[in-house]
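Chemist: Predicted coordinates and the sequence they were generated for:
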Amino acid sequence: MNKRIILSLGSALMSLVSGGANAEYALNLRAPATEIAGQIYDLHMIILWVCAIIFVLVFSFMFYSIFKHRQSVGHEAAQFHENHVVEIVWTIIPAVILIAMAFPATKTIFAMKDTSAADMSVKITGMQWKWQYDYLDQGVQFISTLSTPEDQIHNKAEKGENYLLEVDNPMVVPINKKVRLLITAKDVIHAWWIPEFGVKQDAIPGFIKEAWIKVDKPGVYRGQCAELCGQAHGYMPIVVEAVEEEKYNIWVASQKEAAALANAGADREWTKDELIAGGKVVYEKNCAVCHQANGAGMPPAFPAISGSKIALGAIFGPDGKYLPDSHIDRLLNGKGVMPSWKAILNDVEIASVITYTRQALGNSAVVDSIVQPAQIKASR
Amino acid sequence: MSTAVLAHDDEHHGHSQPTGIMRWIASTNHKDIGTMYLWFSLTMFMFAGAMAMGIRAELFQPGLQFIEPLQFNRLTTLHGLIMIFGAIMPAFVGFANWQVPLMIGAPDMAFPRLNNMSFWLLIPAAILLIASIFVPGGAVAGGWTMYPPLSIQGGMSVDMSILALHIMGVSSIVGSINIITTIFNMRAPGMTLMKMPMFVWTWLITAYLLIAAMPVLAGALTMLITDRHFGTSFFNAAGGGDPVLFQHVFWFFGHPEVYIMILPAFGIISTIIPTFSRKPLFGYASMVYATAAIAILSFVVWAHHMFTTGMPVAGQLFFMYSTMLIAVPTGVKVFNWVATMWRGSMTFETPMLFSIAVVFLFTLGGLSGLVLSILPVDIQLQDTYYVVAHFHYVLFSGSAMAIMGGVYYWLPKWTGHMYDEKLGKLHFWMTTIAFNITFFPMHFTGLAGMPRRIPDYALQFAEFNKISSLGAFALGLSQLLFIYVVVKCIHGGAKAGASPWEGAHGLEWTVASPAPFHTFETPPIVK
């Protein structure tokens, strides 16, 4: 009877403390949304109880001693200084407890490593400071960037509910399907992590590491980059929407449509105003983090855009190809810490941001004043 | 040192002892050099502590208030580097210098001039590290662990920091050679190895760890420099290398390093608790073997810092098992301290208060380490505030508070005065309470999913961060009280006799307080 009361009280307490994503004063791991996360949650509960019991036991002795074995109550010091039996016992017992712990932990390790028989694969690339998702079997690829407005970060606007945990393009997966994740990085080490899934995998440039998830319940799951990757390490969250399979298929179709539309950008002429307006959006999302919203940069690490030779100088040579160290060269190919944007931005985005940086931020380029998406397409 | 040399010294005693600034610059005296290490450590502790105040000020609320993200990364990086290499390690070397010769009945260290060099190397190293704040690009910002490729991206400050660490490494290595040679060759007649004080044992073992581990760090740092400037590709996949290689080499140093930072603390606790329990240390032989076991095991656990890199299952299992195993000898030590107190006749002066807090809080840190050793759980907790909580429990309430306890314990011997007991106790309580307010909530924020090394965070972490920051400000302020107590004691206070602590045993308590400039010029006989 007492045991049942204790157990139900205990589990009520636990469910209280592992509240939803916005539970302040949360004391425990988040509620698991995959089988693996459930196993991890249980492993943690077991080791926590083991540690708590050992801690209370050992320090009961210590505090008893502090109160009873003190000079001020007249206790005389005994002079024993060893006891082989006791010492052997308290060496063996912890060792046995640890060996017992190792069994369930080992099982979970094998389960986490087993990426076989996946229903689909997604390649995930971490870069400074965003994630790229590549649905290899579907030909869908997009970038996922933090969408919390700067105003909120700098305390000029009230912070939204999902402050720092929201993105423009979340990763979408079907529930109840085993999704294999192929994780890599473009520049430095990042780490892809969703607590509710029990998956955290370092994204290492030049290597592809595998992980897998099988989400049990639909929902929006939010995680963060978990390896220091530079100044905006805290600003590249991960959002995964797990949905019913039909919804997932609809999403895939719409992604393909949107991609086709964007790629068709090169098929027409764009006006200067269209390019500058579009370029401003691209700039603020991708470039401002280093080059600043006003184009001042942070020299010497991040050059200023305002008044820059590249933004004001010629792009194309007499043969019609872009010049080395020109504006297009820099955007397509990168240099040093400046990434190459070839695989990240499409023709319209690159053409717009080049035009914007040449016609705003204090610049008014006369040579090659605007660049068309078709020109970017031809330059690739 | 032969008796002939000792006799020679006796005749010339006093006439060649330098005064003024040269006394310190050219010192070959273990007490003066110990003093310099301790002052250096205290200064670095306050400097790195100031960085922590900046960190916690920014983390007081969500949003960016005072510090831009890149600058925040510089603060966290420097806080770590300076605390480890500038505060904790030099403090323990300061204790080793002051206490080891006194405890073994030796007149000085085996190589007094090398001892001088070991200390003075720290000054250019510290200058390099602090100067790196002012060079273009600012101080290092890639975390104290300096993982590539991120650290390949950094500017000049990375190279300066690497050079600083190389210099500190040399200081540690030659210092360790000095300590080992001293302990093996200069013990007073009758002091067998198994009669040495526990503090001497822990430093003997720590010195071996330093000699084995520091060169490995030097290797990792050198590979970083050549990757940065001399066209190598150790950590660059495009050139046939692997960023994870750095992590292996770094943590092969890094894990023994954390034991380097805790074993001398264990030695201090093993000295203070028997004194104030008026009872011998329980299980001396087991304590020695446990310390040696911890040291040896510390070399085969390093990849538990790398559980999320994606290593093969065999590696994951091996490192999980070995890491869990190291809890056994550590547990033995904790049980032995409690057994030392058991049925003793305790009084609770400041050194004892600190030692009890160390046993209690370090064990808590050790248990969170056990939680982290369970690999699947570590997947959730790696690079979160749970890890920050864990290592601050073992490093602050383990190493730093043991240092504070040791300072209070030996201040009478060093200065000839008793420190102000009331203020010492106040410092203890303020420190302990503020420490727990700061770091205990971090277990929760880590479990809830807050990553490390971020200047800004999601709203659900706000309440605990606010609590941590308030605790941190109190913790920082409390240390000003520590400085006051130490300085006040140096300048005066109740006169301390040779052995002011009733239950203290050991050769250092047979010489006057303050300890004379030269002690044990004739070695004592130990029965």
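Modeler: Sure, I can see it.
Chemist: In the stretch 201-350 of chain A, which residue sits nearest chain B?
Modeler: For the stretch 201-350 of chain A and chain B, the shortest gap (CB to the nearest CB) falls at A:Gly206, measuring 2.1 Å. From N, CA and C alone the C-beta is placed, and that goes for glycine too.
Chemist: Could you report the neighbour count for that residue?
Modeler: By the criterion of other CB atoms under 10 Å in any protein chain shown, A:Gly206 has 17 neighbours.
Chemist: just B:Trp203 next, same as before
Modeler: 28.
Chemist: Next, the contact list for it, please.
Modeler: B:Phe92, B:Ala96, B:Val100, B:Ile179, B:Ile183, B:Leu263, B:Pro264, B:Gly267 (CB atoms under 8 Å, 6 or more residues apart in numbering or on different chains).
Chemist: Wasn't the fourth one part of a strand?
Modeler: This means B:Ile179. No - B:Ile179 is assigned helix when assessed by DSSP: H, G, I helix; E, B strand; the rest coil, not a strand.
Chemist: ok, and for stretch A:329-344, which residues are buried?
Modeler: Buried residues in stretch A:329-344, defined by neighbour count with 16 or more other CB atoms under 10 Å in any protein chain shown: A:Asp329, A:Arg330, A:Leu331, A:Leu332, A:Pro339, A:Trp341, A:Ile344.
Chemist: Helices of the stretch 151-300 of chain B, residue ranges please.
Modeler: Using DSSP state H, counting those that start in this stretch, the helices found in the stretch 151-300 of chain B span residues B:156-185, B:198-229, B:243-277, B:284-297.
Chemist: and the first one with chain A, contact?
Modeler: No - counting by CB under 8 Å from any CB of the partner chain, no contacts exist between helix B:156-185 and chain A, the nearest distance being 10.3 Å.
Chemist: Can you mark which positions in that helix are buried?
Modeler: So for helix B:156-185, counting by 16+ other CB under 10 Å, buried means B:157-180, B:182-183.
Chemist: report the angle between the axes of that helix and helix B:243-277?
Modeler: Helix B:156-185 runs at 50 degrees relative to helix B:243-277, counting by axes from the mean of the first three to the mean of the last three CA atoms, to 10 degrees.
Chemist: what is the orientation angle of helix B:156-185 with helix B:198-229?
Modeler: Computed with the same axes, to 10 degrees, the direction of helix B:156-185 lies at 150 degrees from that of helix B:198-229.
Chemist: Return the distance of helix B:156-185 from the chain's centre.
Modeler: Taking CA atoms, centre = their mean, to the nearest Å, one finds helix B:156-185 lying 14 Å from the centre of the chain it belongs to.
Chemist: what's the answer for the shortest one, then?
Modeler: In terms of CA atoms, centre = their mean, the gap separating the centre of helix B:284-297 from the centre of its chain is 19 Å.
Chemist: So for that helix, what gets flagged as buried?
Modeler: By 16+ other CB under 10 Å, the buried positions in helix B:284-297 come out as B:Tyr284, B:Ser286, B:Met287, B:Val288, B:Ala290, B:Thr291, B:Ala293, B:Ile294, B:Ala295, B:Leu297.
Chemist: burial count for A:Glu246?
Modeler: 9.
Chemist: typo on my end, B:Gly493
Modeler: By other CB under 10 Å, the burial measure for B:Gly493, its neighbour count, is 18.
Chemist: So it: helix, strand or coil?
Modeler: Three-state call for B:Gly493 (three-state DSSP): coil.
Chemist: so who does it touch?
Modeler: B:Thr415, B:His417, B:Met418, B:Tyr419, B:Asp420.
Chemist: quick one: which of those residues sit in strands?
Modeler: Among these, no member falls in strands (DSSP state E).
Chemist: tell me which of the residues you listed is nearest to B:Pro312?
Modeler: B:Tyr419 (54.7 Å; CB to CB).
Chemist: show me what contacts the closest one?
Modeler: Contacts of B:Tyr419 (CB under 8 Å, 6+ apart): B:Thr350, B:Tyr408, B:Leu411, B:Pro412, B:Val485, B:Val486, B:Lys488, B:Cys489, B:Gly493.
Chemist: my guess is the second one meets B:Met401, correct?
Modeler: No - look at B:Tyr408 against B:Met401 with CB atoms under 8 Å: they stay out of range, at 10.7 Å.
Chemist: list the contacts for the nearest residue to B:Pro124 once chain neighbours are set aside?
Modeler: Once flanking residues are discounted, B:Pro124 sits nearest to B:Ile167: 6.1 Å by CB to CB, 6 or more residues apart in numbering or on different chains. Going by CB under 8 Å, 6+ apart, B:Ile167 touches B:Leu121, B:Leu122, B:Pro124, B:Ala125, B:Leu128.
Chemist: so which two of the contacts of B:Trp203 are the farthest from each other?
Modeler: B:Phe92 and B:Ile183 (14.8 Å).
Chemist: Of the contacts of B:Gly493 - the most surrounded one?
Modeler: B:Tyr419 (25 neighbours).
Chemist: And that residue, how close does it get to chain A?
Modeler: Remark: distance between B:Tyr419 and chain A (CB to the nearest CB, to the nearest Å) = 20 Å.
Chemist: Pull up the gap between the residue nearest to that residue when sequence neighbours are not counted and B:His417, please.
Modeler: Nearest in space to B:Tyr419, with sequence neighbours left out and distances taken as CB to CB, 6+ apart, is B:Cys489 at 4.0 Å. Distance of B:Cys489 to B:His417, given as CB to CB, to the nearest Å: 5 Å.
Chemist: okay, and the common contacts of the two?
Modeler: B:Leu411.
Chemist: Format the helices of the stretch 151-300 of chain B as JSON lines; extra columns: mean pLDDT and distance to A:Asp42.
Modeler: Output for the helices of the stretch 151-300 of chain B, formatted as JSON lines (pLDDT from 0 to 100; distance: least, CB to CB, whole Å):
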{"stretch": "helix B:156-185", "mean pLDDT": "97", "distance to A:Asp42": "42"}
{"stretch": "helix B:198-229", "mean pLDDT": "98", "distance to A:Asp42": "37"}
{"stretch": "helix B:243-277", "mean pLDDT": "98", "distance to A:Asp42": "28"}
{"stretch": "helix B:284-297", "mean pLDDT": "97", "distance to A:Asp42": "28"}
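Chemist: Next, format these as JSON lines and append distance to B:Ala50.
Modeler: Formatted as JSON lines, those follow (distance: least, CB to CB, whole Å):
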{"stretch": "helix B:156-185", "distance to B:Ala50": "18"}
{"stretch": "helix B:198-229", "distance to B:Ala50": "26"}
{"stretch": "helix B:243-277", "distance to B:Ala50": "21"}
{"stretch": "helix B:284-297", "distance to B:Ala50": "33"}
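Chemist: and B:Asp383, which of those is closest to it?
Modeler: Taking CB to CB, helix B:243-277 is the member of the helices of the stretch 151-300 of chain B nearest to B:Asp383, at 12.7 Å.
Chemist: which parts of that closest one are buried?
Modeler: B:243-244, B:246-277.
Chemist: Next up, phi/psi of B:Ile82, please.
Modeler: B:Ile82 adopts backbone torsions of phi -70, psi -40, taken as degrees, to the nearest 10.
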